[in-house]
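compute the structure for the input listed below.
(3 chains)
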Amino acid sequence: MAETIIFQSLPARPAPVNTEGLVPWVKNNLFANWQSTLTTLIVGGLLLFYIPQFINWAVLTATTVPNADACRAEGVGACWGVITEKYRLIIFGRYPFEEQWRPLVATILMVALLVMSCTRMFWKKWLVAVWIVVLAAFFILMYGGMFGLTEVQTDRWGGLPLTIMLATLSIVLCFPIAICVALGRRSNLPAIRTFCTIYVELIRGVPLISVLFMASFMFPLFMPAGVTIDVLIRVLVGVTLFAAAYMAEVIRGGLQAMPKGQAEAAASLGLSYWQTQFKIILPQALAMVVPGIMNNFIGLFKDTSLVYIVSLYELTGSLGLALNSDADWRPYKLEGYLFIVAIYFAFCFAMSRYSLWIEKQVNKSKLR
Amino acid sequence: MNEATDNIIVFDKVNKWYGNNFHVLRDINLNVRRGERIVVCGPSGSGKSTLIRCINRLEEHQEGHLIVDGTELTDDVKAIDKIRKEVGMVFQQFNLFPHLTVLENLTLSPMYVGKMPKKEAEEKAMTQLKRVRIAEQAGKYPLQLSGGQQQRVAIARALCLTPKIMLFDEPTSALDPEMIKEVLDVMVEMANQGITMICVTHEMGFAKAVADRVIFMDQGQIVEQNTPHEFFNNPQTDRSKDFLSKILGH
Amino acid sequence: MSVAPRTPPAKRDWSWRSQAFRGLLYQIIAVVIIGGVAWWLATNTAENMRVRGIKSGFDFLTQPAGFDIGESLSKFDSNDPYWKAFLIGVSNTLRVAILGIILTTILGTLIGVGRFSRNGLVRGLCQAYVELFRNVPVLLQLLMWYLLFTEFLPDVTEAKRIGDIYLSKGGITFPKPIWETGHLFGVAGLLAGCVVAWFYRRWARSKFEATGQVRSMFWVPVAIVFALGVLGWLVGGAPSQFAVPAKGEFAVEGGGALTPEFMAVLLGLTLYTAAFVAEVVRSGISSVARGQSEAAQALGLSKGQEMQQVLLPQALRVIIPPMTNQFLNLTKNSSLAVAIGYPDVVSISNTALNQTGRAVECIALIMLVYLTTSLLTSFFMNWYNAKSAIKER
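Below you'll find the model as predicted:
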């Protein structure tokens, strides 16, 4: 009789060549073969040549003294003095100087609200109430005229608060329109579908600037005689209608991705069209397209810079306001630009990271 | 009892097309008695799913008359609302609402369609969940459950409106083999309680155990209908003989 | 016993509770509301224009414009009519958009592919580029480039010279070949080359299918086109006269020139859009499942064949729709040229609007130009998508 062979496993041993850690990484990613080595040498050389020069200009030889003469001195690099001198004008625009704590508080409130809205923990019903309270507080602070605050007309609003307000308000206001248009484009009623399609294609086919021109030049003609509407509101309406078309397409993408069975199950339970949409389809579809919505918001945030062309002084415009008329500081506009580039970048970069994170969350919940 | 009230579903020369050229239901004549349990089988594409989806108007027929519980199904919105409250449906892919908990899935329709107070709806939902033996999962989300559990929740959800008719569209086809039994057990139990059931399935054991009648369809037509015993032991047409030899071949 | 297939009847139930009737009712309500709003806006506008004495209509297009245009492909002076100014605006928009699209495709593809480089430094740089350029508003980038070109370059009188190229606040001036009829032969040669190359490809393909011999489907045709082009140019007498710019007393004269406005718009749009194109390319490439590459290798295809026959066709299908979107975005963003005074269609319409007060007409013209471009593109895209979609059940 054959004897039973007893299986004996070999002991595990470490790989003969180290594949983890810094040294193998450098070897694999920088000096894998001669092409890679050559690239590393050339690219690295260029970086080593230019980065120290930039640091030298931006930091080592730069001055932060708010004095134009100091900037003009020999051997001085970046003149950040232009920022220390003008930062309040750049950030708050023409808002009355003594009252600038108001836009500051309003902006902080608004940013806090946005951060809160991006945190899953706070996705509760009462968040809507918080939104209403904060928006009201924002307008009371900015406009004043009550609680002993002096009135500040909207034509003096400017800078970062205006940028944030335009982006936030238009994204919020465009939502109901976008949902209706997205549903309309998928409706089986041809007239409604046609209207929604025309609206979306029309708006997406033209640049934002033409919509802003419309808001600023044509809108006054649309209103009955004697009715005048503040330019800020007109621009807000224009940007909202513009954003709604893009948002509608994002939402439509979510609707399209919904399995047909969901609507069928709802119908078989006797739910009406609107009940089906609001209880079943939209909650799922919207959750699916949060990254797309976020990207839209980033785009809109950047696009608010265009209102400067129709004379609203948000960040880009208020920089021009601060420097263009000042012969002393005008030569240092580049530093001014870099300053607001940093502000825009900080906001947009943070939001795009958040968008990536939430995309991962959405994908995870799909796999669950 | 006269014939009109005895038949809860009446198909009278019903025809349906997809587009202009795909004639999916052809001259369907079928009477379903109150409390009758029917199994519909046939090769894929034979129109069996379309047939039962016409009953709650997920598909609309274009010709002939279809009367469900005394109401003719037409384009009339009120009639459709009434029928859908009386007809429960269970789908192949479960179609539970993944963003709602099991309990919310069950109370949704009683609350919004049946205008039932929340408390009452929840009590009713728990009764149904107990009936399908899954009450302990009420707080979970559908995707946290196994396929068999999900399908049982779907059955409970359909029962929450106390329907007069239950439609099953291949309820076990998307399930792993070891989960089929738990769903069939629940269905057998329901069948024994006297509800009208129409079930599209290939589970021949189930058909033999509970069906009053087996309907065999092919190419949009009812080829043969008979008691399960007769159908399986003594099929009348070559088409059904061929079909049975294929599915019972192993 | 089989029932013959028939076509469905076309009848509808029109009782007031029917879905068909309800549907019609909703649509009528929608049409009435939208029509009403449109009518209200139109009457308001007409009334306002009457009160303010604004004339309407497109008759102003034939009147002399009364302004000069800094750069244009054809001669324009202030006595020329508005319609000509508009056309020049459109041509300037198209010029910057088309060049921008070409450059942005090249740059964006390089950066997108660079993110798969084996070299860590290249990968990092490409990612840094994308993050930096797409997170700053394009208008701000345009303004910055314009500032750099106008403030940090020497005055025209002290133009920087590199070979025969001059750089200054007035823009860039470079040698330009002088057009002669001899060039016509070169162009004809290129065209002939294209035709011959097309026939060559057809022949090579049929040869390949018949015998399995692989011939170059890319380099040989390129060589044919190039060779015939050069041949034509030689036949035309090899004209090689260049207009070389020279520094005059107040300006650099002669040769071809690009204005700082044009360069700022082109550079700004290209660098901004390239960041997005890079992302499109990257996600397109990574969308092709790894299994595809493994399957191709298992079938014994070479690296090049794998790329050409398996990976590229699939990646392109994913890449092309969002890529077209980016091209349209670039075209629409070229409207920002108005901020730095490049005479594109928006800028010229804006000037016309301020001079004539015909806001409705001028804005309508701007929208018409962009809408036409967008719609033409999306018709083409729909056709392309329908053609290239994977056939699935």
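
give the rounded mean pLDDT of the helix or strand harbouring residue C:346.
For residue C:346, the enclosing helix or strand under DSSP states H and E is helix C:345-356. Here helix C:345-356 scores 86 as its mean pLDDT.

next, the buried residues of the next helix-or-strand element following that helix.
Helices and strands here follow DSSP H and E; after helix C:345-356, the next one along the chain is helix C:359-388. Buried residues in helix C:359-388, defined by neighbour count with 16 or more other C-beta atoms under 10 Å in any protein chain shown: C:359-367, C:369-371, C:373-374, C:377-378, C:381. C-beta coordinates here come from the backbone N, C-alpha and C atoms, glycine included.

what's the angle between the helix holding residue C:346 and helix C:359-388?
Interaxial angle, helix C:345-356 versus helix C:359-388 (axes from the mean of the first three to the mean of the last three C-alpha atoms, to 10 degrees): 160 degrees.

briefly note if helix C:345-356 comes near chain A.
Yes - contact of helix C:345-356 with chain A (C-beta under 8 Å from any C-beta of the partner chain) involves C:346, C:350, C:353.

can you map out the helices along the stretch 201-350 of chain C?
C:219-235, C:260-287, C:290-298, C:303-305, C:312-333, C:345-356 (DSSP state H, counting those that start in this stretch).

again with the stretch 1-150 of chain A
A:22-30, A:34-55, A:68-72, A:81-92, A:101-117, A:126-143.

find the residue at the geometric middle of chain B.
By C-alpha atoms, centre = their mean, chain B has its centre lying nearest to residue B:167, at 1.5 Å.

so that one sits against residue B:91, correct?
No - contact criterion C-beta atoms under 8 Å: residue B:167 and residue B:91 do not qualify, at 9.3 Å.

what does the stretch 151-300 of chain C have sitting close to chain A?
Residues of the stretch 151-300 of chain C lying near chain A (C-beta under 8 Å from any C-beta): C:151-152.

now with 10 Å?
Contacts of the stretch 151-300 of chain C with chain A, taken as C-beta under 10 Å from any C-beta of the partner chain, map to C:151-152, C:272.

any idea which helix or strand in chain C has the lowest mean pLDDT?
Between all helices and strands in chain C, the lowest mean by mean pLDDT, DSSP states H and E belongs to strand C:252-253, at a mean of 70.

coming back round to it: mind checking how far the residue nearest to the centre of chain B is from chain A?
Noted for residue B:167: a distance of 8 Å to chain A, by C-beta to the nearest C-beta, to the nearest Å.

hang on, that residue packs against residue B:195?
No - Residue B:167 lies out of contact with residue B:195 (C-beta atoms under 10 Å); the separation is 11.0 Å.

so who does the residue lying closest to residue B:208 once chain neighbours are set aside touch?
Distances taken as C-beta to C-beta, 6 or more residues apart in numbering or on different chains place residue B:228 nearest to residue B:208, at 4.9 Å, with adjacent residues excluded. Residues near residue B:228 by C-beta atoms under 10 Å, 6 or more residues apart in numbering or on different chains: B:39, B:204, B:206-214.

for stretch C:207-223, what is the distance to the chain centroid?
Put simply, stretch C:207-223 sits 32 Å off its chain's centre (C-alpha atoms, centre = their mean, to the nearest Å).

just the buried residues of it, please?
Applying 16+ other C-beta under 10 Å to stretch C:207-223 flags residue C:221 as buried.

name the next helix or strand downstream of the lowest-mean-pLDDT helix or strand in chain B, please.
When each helix and strand of chain B is scored by mean pLDDT, DSSP H and E, helix B:3-6 comes last, with a mean of 58. Sequence-wise, the next helix or strand downstream of helix B:3-6 (DSSP H and E) is strand B:7-18.

let's see that following strand as CSV, backbone CA atoms only.
The C-alpha trace of strand B:7-18 is given here as CSV (Å, rounded to 0.1, in the frame of the first residue of the first chain):
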residue,chain,number,x,y,z
ASN,B,7,-62.9,36.7,-13.7
ILE,B,8,-60.6,39.2,-12.1
ILE,B,9,-58.5,39.7,-15.2
VAL,B,10,-59.9,39.4,-18.8
PHE,B,11,-57.7,39.7,-21.9
ASP,B,12,-59.9,40.0,-24.9
LYS,B,13,-58.0,39.9,-28.2
VAL,B,14,-55.1,42.0,-26.8
ASN,B,15,-52.4,43.0,-29.3
LYS,B,16,-49.2,44.9,-28.6
TRP,B,17,-46.3,46.1,-30.7
TYR,B,18,-42.9,47.5,-29.9
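
alright, calling it a day.
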